[in-house]
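Peer 1: Sequence first, then the predicted structure:
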Amino acid sequence: MKAKRFFYIATLIPLLALIGFFTWFFANMFEGEAPSVVLQPTPEFLSRSQKYAVKITDGKRGVREVSVSIHQSSRETTVLQESFPFKGLFNAEGIHEIDKHFEVDPLALKLSQGEVDLQVQAWDYSRRGGGDGNLTVLRHKMIVDTVPPSIRAVSRMHNINVGGSGLVIYQTSSDSAQSGVFVDEVFFPGFPDPNNSQKGIYHCYFALPCDTASHPKIRLWAGDKAGNTAETSFYYHVRKKTFREDKVEISDRFIERILPYFTSFYSLDLQQSNLDKFLKINNGLREENHEILDGLKNKTSGERLWQGPWLRQKNAASMARFADHRTYYYKGKKVDEKTHLGIDLASLANSPVQAANHGRVIYADRLGIYGLSVVLDHGQGLASLYAHLSKIEVVVGQEIKKGQIIGLTGETGLAGGDHLHFSIMVNGIFVNPVEWWDEHWIEDNVSKKLAIVG
(Lines give C-alpha, C1' and ligand atoms only; values in the text may rest on other atoms or scores of the structure.)
Protein backbone atom coordinates (compact mmCIF):
# COMPACT_ATOMS: atom_id res chain seq x y z
CA MET A 1 0.00 0.00 0.00
CA LYS A 2 2.81 2.38 0.90
CA ALA A 3 4.60 1.55 -2.35
CA LYS A 4 1.44 2.29 -4.34
CA ARG A 5 0.94 5.62 -2.54
CA PHE A 6 4.54 6.51 -3.18
CA PHE A 7 4.06 5.70 -6.88
CA TYR A 8 1.04 8.03 -7.13
CA ILE A 9 2.87 10.82 -5.37
CA ALA A 10 5.96 10.33 -7.49
CA THR A 11 3.81 10.47 -10.62
CA LEU A 12 1.64 13.41 -9.46
CA ILE A 13 4.49 15.77 -8.59
CA PRO A 14 6.04 15.84 -12.07
CA LEU A 15 2.56 16.09 -13.57
CA LEU A 16 1.71 19.08 -11.40
CA ALA A 17 5.06 20.62 -12.22
CA LEU A 18 4.39 20.11 -15.92
CA ILE A 19 0.92 21.62 -15.61
CA GLY A 20 2.39 24.54 -13.66
CA PHE A 21 5.04 25.08 -16.32
CA PHE A 22 2.54 25.10 -19.16
CA THR A 23 0.24 27.37 -17.17
CA TRP A 24 3.13 29.81 -16.61
CA PHE A 25 4.27 29.41 -20.22
CA PHE A 26 0.90 30.18 -21.74
CA ALA A 27 0.22 32.97 -19.23
CA ASN A 28 3.51 34.53 -20.22
CA MET A 29 3.14 33.97 -23.94
CA PHE A 30 -0.45 35.18 -24.06
CA GLU A 31 -0.31 37.83 -21.31
CA GLY A 32 -2.88 40.59 -21.70
CA GLU A 33 -1.12 43.66 -20.33
CA ALA A 34 -0.81 46.29 -23.07
CA PRO A 35 2.22 48.61 -23.30
CA SER A 36 2.19 51.94 -21.45
CA VAL A 37 2.43 55.02 -23.70
CA VAL A 38 3.19 58.55 -22.48
CA LEU A 39 3.32 61.50 -24.90
CA GLN A 40 4.82 64.91 -24.10
CA PRO A 41 3.89 67.66 -24.71
CA THR A 42 0.18 67.62 -25.56
CA PRO A 43 -0.51 71.14 -26.92
CA GLU A 44 -3.97 72.32 -27.81
CA PHE A 45 -2.68 74.04 -30.97
CA LEU A 46 -0.12 73.27 -33.64
CA SER A 47 1.16 76.54 -35.12
CA ARG A 48 4.76 75.72 -35.96
CA SER A 49 7.16 72.78 -35.97
CA GLN A 50 6.68 70.95 -32.66
CA LYS A 51 9.02 68.41 -31.05
CA TYR A 52 7.50 65.49 -29.13
CA ALA A 53 8.80 62.73 -26.88
CA VAL A 54 7.01 59.41 -26.47
CA LYS A 55 7.89 56.90 -23.76
CA ILE A 56 6.79 53.28 -24.23
CA THR A 57 7.06 50.71 -21.45
CA ASP A 58 6.20 46.99 -21.42
CA GLY A 59 7.58 45.08 -18.44
CA LYS A 60 6.45 41.63 -19.54
CA ARG A 61 6.90 40.54 -23.17
CA GLY A 62 8.63 43.73 -24.29
CA VAL A 63 7.99 46.27 -27.06
CA ARG A 64 7.65 44.90 -30.58
CA GLU A 65 6.70 47.92 -32.68
CA VAL A 66 5.79 51.61 -32.45
CA SER A 67 4.07 53.78 -35.02
CA VAL A 68 3.25 57.51 -34.94
CA SER A 69 0.96 58.98 -37.55
CA ILE A 70 -0.95 62.18 -38.32
CA HIS A 71 -4.59 61.93 -39.42
CA GLN A 72 -6.54 64.75 -41.03
CA SER A 73 -9.77 64.04 -42.91
CA SER A 74 -9.03 60.93 -44.95
CA ARG A 75 -5.30 61.56 -45.14
CA GLU A 76 -2.80 59.65 -43.00
CA THR A 77 0.91 60.48 -42.74
CA THR A 78 3.39 58.32 -40.82
CA VAL A 79 6.05 60.32 -38.97
CA LEU A 80 7.65 57.46 -37.01
CA GLN A 81 7.71 53.69 -37.62
CA GLU A 82 10.10 51.32 -35.86
CA SER A 83 10.26 47.62 -34.92
CA PHE A 84 12.41 46.09 -32.19
CA PRO A 85 14.07 42.62 -32.34
CA PHE A 86 13.16 39.63 -30.16
CA LYS A 87 16.15 38.76 -27.98
CA GLY A 88 16.71 35.96 -25.48
CA LEU A 89 14.29 33.52 -23.87
CA PHE A 90 10.82 35.04 -23.85
CA ASN A 91 12.44 38.31 -25.11
CA ALA A 92 14.10 38.80 -21.73
CA GLU A 93 16.91 40.73 -23.44
CA GLY A 94 14.60 42.69 -25.73
CA ILE A 95 13.35 46.29 -25.45
CA HIS A 96 11.11 46.82 -22.43
CA GLU A 97 11.37 50.61 -22.18
CA ILE A 98 12.21 53.12 -24.86
CA ASP A 99 12.12 56.89 -25.42
CA LYS A 100 11.61 58.11 -28.97
CA HIS A 101 11.55 61.67 -30.30
CA PHE A 102 9.85 63.01 -33.38
CA GLU A 103 8.81 66.31 -34.88
CA VAL A 104 5.61 67.46 -36.54
CA ASP A 105 5.88 70.43 -38.91
CA PRO A 106 2.44 71.54 -40.14
CA LEU A 107 3.92 73.43 -43.09
CA ALA A 108 6.23 70.63 -44.23
CA LEU A 109 3.37 68.11 -43.94
CA LYS A 110 1.02 70.55 -45.74
CA LEU A 111 -1.61 70.24 -43.04
CA SER A 112 -4.79 72.26 -43.47
CA GLN A 113 -6.08 74.70 -40.88
CA GLY A 114 -8.35 72.89 -38.46
CA GLU A 115 -8.45 69.72 -36.38
CA VAL A 116 -5.74 67.07 -36.66
CA ASP A 117 -5.31 63.76 -34.82
CA LEU A 118 -1.87 62.60 -33.68
CA GLN A 119 -1.94 58.84 -33.12
CA VAL A 120 0.65 56.70 -31.30
CA GLN A 121 0.37 52.89 -31.57
CA ALA A 122 2.51 50.43 -29.60
CA TRP A 123 2.50 46.59 -29.81
CA ASP A 124 4.17 44.07 -27.51
CA TYR A 125 5.42 40.50 -28.11
CA SER A 126 2.44 38.79 -26.50
CA ARG A 127 0.86 36.05 -28.69
CA ARG A 128 -2.61 37.41 -28.08
CA GLY A 129 -4.73 38.70 -30.91
CA GLY A 130 -3.67 36.00 -33.32
CA GLY A 131 -0.03 36.73 -32.66
CA ASP A 132 -0.29 40.48 -33.21
CA GLY A 133 0.23 41.17 -29.53
CA ASN A 134 -1.39 43.66 -27.15
CA LEU A 135 -1.96 47.05 -28.72
CA THR A 136 -2.11 50.48 -27.06
CA VAL A 137 -3.46 53.40 -29.09
CA LEU A 138 -2.97 56.95 -27.79
CA ARG A 139 -4.77 59.74 -29.65
CA HIS A 140 -4.18 63.44 -29.18
CA LYS A 141 -6.32 65.98 -31.00
CA MET A 142 -4.94 69.42 -31.90
CA ILE A 143 -5.98 72.44 -33.90
CA VAL A 144 -3.68 73.41 -36.73
CA ASP A 145 -3.46 77.21 -36.75
CA THR A 146 -0.50 78.77 -38.52
CA VAL A 147 -2.15 82.09 -39.47
CA PRO A 148 -1.14 85.05 -37.22
CA PRO A 149 -3.73 87.61 -36.12
CA SER A 150 -3.93 90.97 -37.86
CA ILE A 151 -3.40 94.33 -36.15
CA ARG A 152 -3.42 97.95 -37.35
CA ALA A 153 -3.40 101.42 -35.80
CA VAL A 154 -6.61 103.44 -35.97
CA SER A 155 -5.33 106.65 -34.36
CA ARG A 156 -2.84 108.66 -36.40
CA MET A 157 -0.76 111.22 -34.52
CA HIS A 158 1.40 109.94 -31.67
CA ASN A 159 3.79 112.54 -30.25
CA ILE A 160 5.46 111.19 -27.12
CA ASN A 161 7.88 112.83 -24.72
CA VAL A 162 10.68 110.83 -23.15
CA GLY A 163 9.39 110.22 -19.63
CA GLY A 164 5.85 110.78 -20.87
CA SER A 165 2.71 108.89 -21.85
CA GLY A 166 1.03 107.95 -25.11
CA LEU A 167 -2.25 106.47 -26.27
CA VAL A 168 -2.82 104.45 -29.43
CA ILE A 169 -6.19 103.19 -30.67
CA TYR A 170 -5.86 100.02 -32.76
CA GLN A 171 -7.87 97.16 -34.23
CA THR A 172 -7.15 93.43 -34.14
CA SER A 173 -8.74 90.38 -35.72
CA SER A 174 -11.15 88.25 -33.68
CA ASP A 175 -8.59 85.46 -33.12
CA SER A 176 -6.33 87.77 -31.13
CA ALA A 177 -6.00 86.62 -27.51
CA GLN A 178 -3.61 89.35 -26.29
CA SER A 179 -2.42 92.58 -27.81
CA GLY A 180 -0.81 95.90 -27.01
CA VAL A 181 2.33 97.95 -27.53
CA PHE A 182 5.98 97.10 -27.09
CA VAL A 183 8.37 99.92 -26.24
CA ASP A 184 11.70 98.21 -26.83
CA GLU A 185 11.22 95.11 -24.62
CA VAL A 186 8.57 96.55 -22.26
CA PHE A 187 4.99 95.43 -22.98
CA PHE A 188 1.88 97.55 -22.40
CA PRO A 189 -1.41 95.61 -22.75
CA GLY A 190 -4.37 96.97 -24.67
CA PHE A 191 -7.95 97.05 -23.37
CA PRO A 192 -11.17 96.60 -25.41
CA ASP A 193 -13.08 99.72 -26.39
CA PRO A 194 -16.38 99.42 -24.46
CA ASN A 195 -18.42 100.59 -27.46
CA ASN A 196 -16.53 98.78 -30.21
CA SER A 197 -15.22 95.57 -28.64
CA GLN A 198 -16.99 93.42 -31.26
CA LYS A 199 -15.07 95.29 -33.96
CA GLY A 200 -11.80 94.48 -32.24
CA ILE A 201 -11.05 98.09 -31.23
CA TYR A 202 -8.59 98.51 -28.34
CA HIS A 203 -7.07 101.33 -26.27
CA CYS A 204 -3.46 101.09 -25.16
CA TYR A 205 -1.74 103.58 -22.86
CA PHE A 206 2.03 103.24 -23.05
CA ALA A 207 5.03 105.10 -21.70
CA LEU A 208 8.59 106.06 -22.57
CA PRO A 209 10.66 105.62 -19.38
CA CYS A 210 12.75 108.66 -18.49
CA ASP A 211 15.92 106.68 -19.30
CA THR A 212 14.70 105.64 -22.76
CA ALA A 213 17.35 105.59 -25.48
CA SER A 214 17.19 108.25 -28.18
CA HIS A 215 15.56 105.97 -30.75
CA PRO A 216 13.21 103.50 -29.02
CA LYS A 217 11.50 100.81 -31.06
CA ILE A 218 7.74 101.14 -30.61
CA ARG A 219 5.37 98.70 -32.32
CA LEU A 220 1.91 97.17 -32.07
CA TRP A 221 1.82 93.47 -31.18
CA ALA A 222 -0.87 90.77 -31.14
CA GLY A 223 -0.82 87.07 -30.29
CA ASP A 224 -3.43 84.31 -30.62
CA LYS A 225 -4.07 81.20 -28.51
CA ALA A 226 -2.01 79.07 -30.88
CA GLY A 227 1.10 81.15 -30.24
CA ASN A 228 1.10 82.97 -33.57
CA THR A 229 2.18 86.60 -33.26
CA ALA A 230 2.07 89.69 -35.43
CA GLU A 231 3.85 93.03 -35.18
CA THR A 232 3.37 96.26 -37.07
CA SER A 233 4.70 99.77 -36.80
CA PHE A 234 2.66 102.93 -36.52
CA TYR A 235 3.51 106.61 -36.83
CA TYR A 236 5.06 108.19 -33.75
CA HIS A 237 7.40 111.04 -32.98
CA VAL A 238 9.61 110.98 -29.89
CA ARG A 239 10.51 114.26 -28.25
CA LYS A 240 13.76 114.17 -26.29
CA LYS A 241 13.77 115.68 -22.81
CA THR A 242 16.53 116.92 -20.55
CA PHE A 243 15.98 116.36 -16.85
CA ARG A 244 17.38 118.32 -13.95
CA GLU A 245 20.46 117.35 -11.95
CA ASP A 246 20.12 117.60 -8.19
CA LYS A 247 22.73 117.39 -5.43
CA VAL A 248 21.57 115.93 -2.10
CA GLU A 249 23.68 116.22 1.04
CA ILE A 250 23.21 113.36 3.53
CA SER A 251 24.05 114.18 7.13
CA ASP A 252 24.32 112.00 10.22
CA ARG A 253 21.56 114.06 11.76
CA PHE A 254 19.21 113.21 8.89
CA ILE A 255 20.07 109.50 9.03
CA GLU A 256 19.62 109.36 12.79
CA ARG A 257 16.22 111.01 12.44
CA ILE A 258 14.87 108.51 9.87
CA LEU A 259 16.42 105.28 11.18
CA PRO A 260 13.89 104.65 13.99
CA TYR A 261 11.10 104.56 11.42
CA PHE A 262 12.84 101.90 9.30
CA THR A 263 14.25 99.74 12.11
CA SER A 264 10.69 99.07 13.26
CA PHE A 265 10.03 96.89 10.17
CA TYR A 266 13.21 96.57 8.07
CA SER A 267 16.18 94.37 8.96
CA LEU A 268 19.32 96.47 9.40
CA ASP A 269 22.71 95.37 10.72
CA LEU A 270 23.20 97.32 13.94
CA GLN A 271 26.99 96.95 13.55
CA GLN A 272 26.97 98.86 10.26
CA SER A 273 27.67 102.56 10.02
CA ASN A 274 24.83 105.04 9.63
CA LEU A 275 25.86 105.57 6.02
CA ASP A 276 25.73 101.84 5.22
CA LYS A 277 22.28 101.64 6.79
CA PHE A 278 21.09 104.56 4.68
CA LEU A 279 22.50 103.01 1.50
CA LYS A 280 20.76 99.71 2.22
CA ILE A 281 17.45 101.57 2.65
CA ASN A 282 18.01 103.74 -0.41
CA ASN A 283 18.85 100.74 -2.61
CA GLY A 284 17.62 97.40 -1.27
CA LEU A 285 14.38 98.64 0.28
CA ARG A 286 13.71 100.95 -2.67
CA GLU A 287 14.01 97.99 -5.05
CA GLU A 288 11.58 95.94 -2.96
CA ASN A 289 9.10 98.82 -2.92
CA HIS A 290 9.25 99.23 -6.69
CA GLU A 291 8.61 95.51 -7.15
CA ILE A 292 5.42 95.94 -5.11
CA LEU A 293 4.36 98.97 -7.15
CA ASP A 294 5.07 97.14 -10.40
CA GLY A 295 2.93 94.19 -9.25
CA LEU A 296 -0.05 96.48 -8.71
CA LYS A 297 -0.44 96.86 -12.48
CA ASN A 298 -2.06 93.42 -12.46
CA LYS A 299 -4.92 94.84 -10.35
CA THR A 300 -6.01 97.42 -12.91
CA SER A 301 -9.58 97.62 -14.15
CA GLY A 302 -10.22 96.96 -17.82
CA GLU A 303 -12.45 100.04 -17.91
CA ARG A 304 -11.42 103.68 -17.91
CA LEU A 305 -12.28 105.06 -14.47
CA TRP A 306 -10.91 108.61 -14.74
CA GLN A 307 -12.43 111.71 -16.35
CA GLY A 308 -10.91 115.05 -17.38
CA PRO A 309 -7.71 116.77 -16.21
CA TRP A 310 -6.06 115.41 -13.10
CA LEU A 311 -5.95 117.54 -9.96
CA ARG A 312 -2.74 118.96 -8.55
CA GLN A 313 -2.33 119.30 -4.79
CA LYS A 314 -3.88 122.64 -3.73
CA ASN A 315 -1.65 125.52 -2.70
CA ALA A 316 1.48 123.38 -2.94
CA ALA A 317 4.87 124.36 -4.29
CA SER A 318 6.96 121.93 -6.34
CA MET A 319 10.01 120.97 -4.30
CA ALA A 320 11.38 118.27 -6.63
CA ARG A 321 10.51 117.48 -10.22
CA PHE A 322 9.92 114.30 -12.14
CA ALA A 323 13.09 112.48 -13.26
CA ASP A 324 15.45 114.71 -11.31
CA HIS A 325 18.77 112.88 -11.27
CA ARG A 326 19.84 112.94 -7.63
CA THR A 327 23.47 112.54 -6.64
CA TYR A 328 23.92 111.84 -2.91
CA TYR A 329 26.93 113.16 -1.00
CA TYR A 330 28.08 112.29 2.49
CA LYS A 331 30.77 114.47 4.06
CA GLY A 332 31.63 115.83 0.64
CA LYS A 333 31.99 112.42 -1.03
CA LYS A 334 29.63 110.98 -3.64
CA VAL A 335 27.98 107.85 -2.22
CA ASP A 336 24.91 107.11 -4.37
CA GLU A 337 22.66 108.30 -7.19
CA LYS A 338 18.99 107.78 -7.99
CA THR A 339 16.24 109.12 -10.26
CA HIS A 340 13.28 110.83 -8.59
CA LEU A 341 10.17 109.20 -10.05
CA GLY A 342 7.52 111.72 -9.05
CA ILE A 343 6.92 115.32 -8.05
CA ASP A 344 7.29 116.53 -4.46
CA LEU A 345 4.61 119.02 -3.45
CA ALA A 346 4.90 120.96 -0.19
CA SER A 347 2.28 123.07 1.58
CA LEU A 348 1.31 123.33 5.24
CA ALA A 349 2.10 120.35 7.45
CA ASN A 350 -0.61 117.68 7.56
CA SER A 351 -2.45 119.20 4.58
CA PRO A 352 -5.40 117.24 3.13
CA VAL A 353 -4.46 115.16 0.08
CA GLN A 354 -6.99 114.99 -2.76
CA ALA A 355 -7.42 112.12 -5.19
CA ALA A 356 -6.14 113.36 -8.56
CA ASN A 357 -8.96 111.60 -10.40
CA HIS A 358 -11.71 109.00 -10.08
CA GLY A 359 -10.39 105.56 -9.22
CA ARG A 360 -10.25 102.64 -6.84
CA VAL A 361 -7.85 102.07 -3.94
CA ILE A 362 -5.49 99.17 -4.67
CA TYR A 363 -2.92 99.92 -1.95
CA ALA A 364 -3.20 101.71 1.38
CA ASP A 365 -0.41 100.86 3.80
CA ARG A 366 3.22 101.47 4.74
CA LEU A 367 5.50 101.21 1.69
CA GLY A 368 9.14 101.36 2.75
CA ILE A 369 10.93 104.49 1.52
CA TYR A 370 7.57 105.99 0.51
CA GLY A 371 6.18 105.75 4.03
CA LEU A 372 2.41 105.64 4.45
CA SER A 373 1.12 105.44 0.89
CA VAL A 374 -2.03 105.17 -1.18
CA VAL A 375 -2.19 103.88 -4.76
CA LEU A 376 -5.30 104.49 -6.86
CA ASP A 377 -6.14 102.48 -9.95
CA HIS A 378 -7.67 104.64 -12.70
CA GLY A 379 -8.26 101.79 -15.13
CA GLN A 380 -6.52 100.44 -18.23
CA GLY A 381 -3.09 100.45 -16.62
CA LEU A 382 -3.12 103.98 -15.18
CA ALA A 383 -2.39 104.46 -11.47
CA SER A 384 -1.40 107.28 -9.10
CA LEU A 385 0.79 107.14 -5.97
CA TYR A 386 0.47 109.41 -2.90
CA ALA A 387 3.42 108.94 -0.55
CA HIS A 388 4.96 110.14 2.76
CA LEU A 389 1.50 110.55 4.28
CA SER A 390 0.99 111.06 8.00
CA LYS A 391 -2.47 109.53 7.85
CA ILE A 392 -4.42 107.29 5.44
CA GLU A 393 -8.18 107.82 5.28
CA VAL A 394 -9.18 105.18 2.71
CA VAL A 395 -9.13 101.37 2.48
CA VAL A 396 -8.27 98.93 -0.29
CA GLY A 397 -11.20 98.33 -2.63
CA GLN A 398 -12.85 101.69 -1.91
CA GLU A 399 -14.22 103.64 -4.88
CA ILE A 400 -12.82 107.17 -4.92
CA LYS A 401 -14.09 110.36 -6.55
CA LYS A 402 -11.84 113.07 -7.98
CA GLY A 403 -11.03 115.56 -5.23
CA GLN A 404 -11.93 113.21 -2.38
CA ILE A 405 -9.61 113.41 0.63
CA ILE A 406 -7.56 110.21 0.88
CA GLY A 407 -5.06 111.22 3.59
CA LEU A 408 -2.84 113.92 5.08
CA THR A 409 0.66 114.97 4.04
CA GLY A 410 3.54 113.97 6.30
CA GLU A 411 7.18 112.94 6.42
CA THR A 412 7.01 109.16 6.80
CA GLY A 413 9.53 107.04 4.92
CA LEU A 414 12.61 108.57 3.35
CA ALA A 415 11.36 112.17 3.55
CA GLY A 416 13.34 115.23 4.56
CA GLY A 417 10.25 117.14 5.62
CA ASP A 418 6.45 117.26 5.38
CA HIS A 419 5.34 117.00 1.74
CA LEU A 420 3.41 114.87 -0.74
CA HIS A 421 5.30 112.69 -3.20
CA PHE A 422 2.95 112.29 -6.19
CA SER A 423 3.55 109.84 -9.04
CA ILE A 424 1.62 108.54 -12.03
CA MET A 425 2.34 105.10 -13.46
CA VAL A 426 1.40 103.57 -16.80
CA ASN A 427 1.44 99.79 -16.43
CA GLY A 428 4.03 100.11 -13.69
CA ILE A 429 6.23 102.64 -15.52
CA PHE A 430 6.58 106.05 -13.85
CA VAL A 431 5.64 108.99 -16.11
CA ASN A 432 5.60 112.77 -15.83
CA PRO A 433 2.47 113.88 -13.91
CA VAL A 434 2.65 117.36 -15.49
CA GLU A 435 1.16 115.96 -18.70
CA TRP A 436 -1.89 114.61 -16.86
CA TRP A 437 -2.43 117.92 -15.07
CA ASP A 438 -2.54 119.69 -18.45
CA GLU A 439 -6.06 119.94 -19.94
CA HIS A 440 -4.67 120.72 -23.41
CA TRP A 441 -2.31 117.74 -23.36
CA ILE A 442 -5.20 115.41 -22.45
CA GLU A 443 -7.37 116.90 -25.20
CA ASP A 444 -4.71 116.49 -27.88
CA ASN A 445 -3.28 113.13 -26.82
CA VAL A 446 -6.26 111.30 -25.36
CA SER A 447 -9.69 112.87 -25.93
CA LYS A 448 -9.31 113.46 -29.68
CA LYS A 449 -8.17 109.88 -30.23
CA LEU A 450 -11.03 108.43 -28.23
CA ALA A 451 -13.46 110.59 -30.25
CA ILE A 452 -12.36 108.78 -33.42
CA VAL A 453 -14.09 105.59 -32.33
CA GLY A 454 -17.00 107.29 -30.58
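Peer 2: Done, it's in.
Peer 1: Three-state assignment for the residue nearest the centre of the chain, please.
Peer 2: In the chain, the centroid-proximal residue (C-alpha atoms, centre = their mean) is Asn298; its distance is 9.5 Å. What DSSP: H, G, I helix; E, B strand; the rest coil gives for Asn298 is helix.
Peer 1: and it, what pLDDT?
Peer 2: Looking at Asn298, its pLDDT stands at 97.
Peer 1: try His96
Peer 2: 92.
Peer 1: what does Lys225 give?
Peer 2: pLDDT for Lys225: 95.
Peer 1: just Gly416 next, same as before
Peer 2: Value for Gly416, per-residue pLDDT: 88.
Peer 1: hang on, Ile292 packs against Arg366?
Peer 2: No - the criterion here is C-beta atoms under 8 Å, and Ile292 misses it with Arg366 at 10.8 Å. Placement of C-beta: from N, CA and C, glycine included.
Peer 1: neighbours of the closest residue in space to Gln50 that isn't next to it in sequence, just the number please.
Peer 2: Once flanking residues are discounted, Gln50 sits nearest to Val104: 5.3 Å by C-beta to C-beta, 6 or more residues apart in numbering. Here the count is done by other C-beta atoms under 10 Å, and Val104 has 22 residues near it.
Peer 1: quick one: average pLDDT of stretch 373-390?
Peer 2: For stretch 373-390, the per-residue pLDDT averages 98.
Peer 1: tell me how far that stretch is from the chain's mean position?
Peer 2: Here stretch 373-390 is found 22 Å from its chain centre; the criterion is C-alpha atoms, centre = their mean, to the nearest Å.
Peer 1: Same question for stretch 359-368.
Peer 2: Distance, centroid of stretch 359-368 to centroid of chain: 22 Å (C-alpha atoms, centre = their mean).
Peer 1: Could you do stretch 277-285 as well?
Peer 2: Distance, stretch centre to chain centre, for stretch 277-285: 28 Å (C-alpha atoms, centre = their mean).
Peer 1: Identify all contacting residues around that stretch.
Peer 2: Contacts with stretch 277-285, where a contact means C-beta atoms under 8 Å, 6 or more residues apart in numbering, come from 250, 255, 258-259, 262, 266, 268-269, 272, 328, 335-336, 338, 368-369, 414.
Peer 1: rerun at 6 Å
Peer 2: Here stretch 277-285 makes contact (C-beta atoms under 6 Å, 6 or more residues apart in numbering) with 255, 262, 266, 268, 336, 368-369.
Peer 1: Please apply the same query to stretch 231-251.
Peer 2: 151, 153, 158-163, 218-221, 321, 323-330.
Peer 1: cool, and stretch 438-449?
Peer 2: If you take C-beta under 6 Å, 6+ apart as the criterion, stretch 438-449 is touched by 155, 167, 169, 309, 435.
Peer 1: now, among those, which is nearest to Ser83?
Peer 2: Ile169 (60.4 Å; C-beta to C-beta).
Peer 1: mind listing what that closest one touches?
Peer 2: Ile169 sits in contact with 154-155, 449, 453, where contact means C-beta under 6 Å, 6+ apart.
Peer 1: how about a cut-off of 7 Å?
Peer 2: Residues in contact with Ile169 (C-beta atoms under 7 Å, 6 or more residues apart in numbering) are 154-155, 201, 203, 449, 452-453.
Peer 1: Which of those are buried? Put it as a PyMOL command.
Peer 2: Selection of buried members from these for PyMOL, criterion 16 or more other C-beta atoms under 10 Å:
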select buried, resi 154+155+201+203+449+453
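Peer 1: Output the contacts of Ile169 in JSON lines; the columns should cover secondary structure, pLDDT and distance to Ser214.
Peer 2: Putting the contacts of Ile169 into JSON lines (DSSP: H, G, I helix; E, B strand; the rest coil; pLDDT from 0 to 100; distance: C-beta to C-beta, whole Å) gives the following:
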{"residue": "Val154", "secondary structure": "coil", "pLDDT": "96", "distance to Ser214": "28"}
{"residue": "Ser155", "secondary structure": "coil", "pLDDT": "96", "distance to Ser214": "24"}
{"residue": "Ile201", "secondary structure": "strand", "pLDDT": "96", "distance to Ser214": "32"}
{"residue": "His203", "secondary structure": "strand", "pLDDT": "97", "distance to Ser214": "27"}
{"residue": "Lys449", "secondary structure": "helix", "pLDDT": "94", "distance to Ser214": "25"}
{"residue": "Ile452", "secondary structure": "helix", "pLDDT": "86", "distance to Ser214": "30"}
{"residue": "Val453", "secondary structure": "coil", "pLDDT": "80", "distance to Ser214": "32"}
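Peer 1: I'm done for today, thanks for sticking with me.
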